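Visitor: coordinates for the following, if possible.
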Amino acid sequence: MGQQELPEITIYTDGAARGNPGPGGYGVVLMSGSHRRELSQGFQLTTNNRMELMAAIVGLEALKVIPSLVTIYTDSKYVADSVEKGWIFNWVKIRFKGKKNSDLWKRFLEVYRRHRVRFIWVKGHASIPENERCDQLAVEASLQLILLDDSGYQPDK
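Guide: Here you go, the predicted model:
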């Protein structure tokens, strides 16, 4: 299957945490042609970086056609730079020793490798409609009465 034949998917992501750590959530907007889907979820105790990364993971996990050509727009330098600058691949070599969020990075790599993915960093709160919508979804998710347990979150000791 040639690259031009791969479905093109655009994903916008955002994460939020009130208190950092605190209650948090993620928001995702997936778009392909005329199709659009929104995803969000809130967690009891988590961090902003975990929610930013979780948004990217959930967006990729939601894709039905493997492989797809995926562009992820994020306002998280942590997520975008970790992938685009290749840091994560060095973390794999050292088995994530001393790295935060290794549970999520391992989950990310599993789904990332199924697709052709590139990240584009966008400035947050810069009137980019889909990014603003993701922010709204993430914040609303963090405010829900029933929040999931972020079982991989490890508080700093």
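Visitor: what residue is smack in the middle of the chain?
Guide: The structure's the chain has its C-alpha centroid closest to Ala56; by Cα atoms, centre = their mean the separation is 2.1 Å.
Visitor: pLDDT at it, what is it?
Guide: On pLDDT, Ala56 comes in at 98.
Visitor: hang on, it is in a strand, isn't it?
Guide: No: read with DSSP: H, G, I helix; E, B strand; the rest coil, Ala56 is helix and lies in no strand.
Visitor: who does the nearest residue to it once chain neighbours are set aside form a beta bridge with?
Guide: The shortest distance from Ala56 to any non-neighbouring residue, by Cβ to Cβ, 6 or more residues apart in numbering, is to Thr13 (5.2 Å). The way it works is simple: take the backbone N, C-alpha and C, and place the C-beta from them, glycine included. Thr13 has these beta-bridge partners by DSSP bridges: Val28, Thr74.
Visitor: ok, the one 4 residues further on next?
Guide: Residues in a beta bridge with Ala17, per DSSP bridges, are Gly24.
Visitor: hmm, it is touching Glu52, no?
Guide: No: look at Ala17 against Glu52 with Cβ atoms under 8 Å: they stay out of range, at 9.3 Å.
Visitor: circling back: how about the residue nearest to the centre of the chain, what does it touch?
Guide: 11, 13, 72, 74, 79, 108, 119 (Cβ atoms under 8 Å, 6 or more residues apart in numbering).
Visitor: residues in contact with Ala17?
Guide: 23-24, 46-48, 50-51, 142.
Visitor: what about the helices in the protein?
Guide: Remark: helices assigned in the chain by DSSP state H are 48-61, 77-84, 87-93, 102-112, 129-142.
Visitor: which among those helices is found nearest to Gln154?
Guide: helix 102-112 (8.6 Å; Cβ to Cβ).
Visitor: so where's this structure shaky on pLDDT?
Guide: Along the chain, the model assigns pLDDT under 70 to residues 1-4, 157.
Visitor: buried stuff in stretch 54-69?
Guide: 54-60, 63, 68-69 (16 or more other Cβ atoms under 10 Å).
Visitor: with respect to Arg113, which of those is nearest?
Guide: Leu60 (9.9 Å).
Visitor: distance of the closest residue to the closest one other than its chain neighbours from Ile66?
Guide: Excluding the flanking residues, the one nearest Leu60 by Cβ to Cβ, 6+ apart is Val111, at 4.2 Å. Separation of Val111 from Ile66 (Cβ to Cβ, to the nearest Å): 9 Å.
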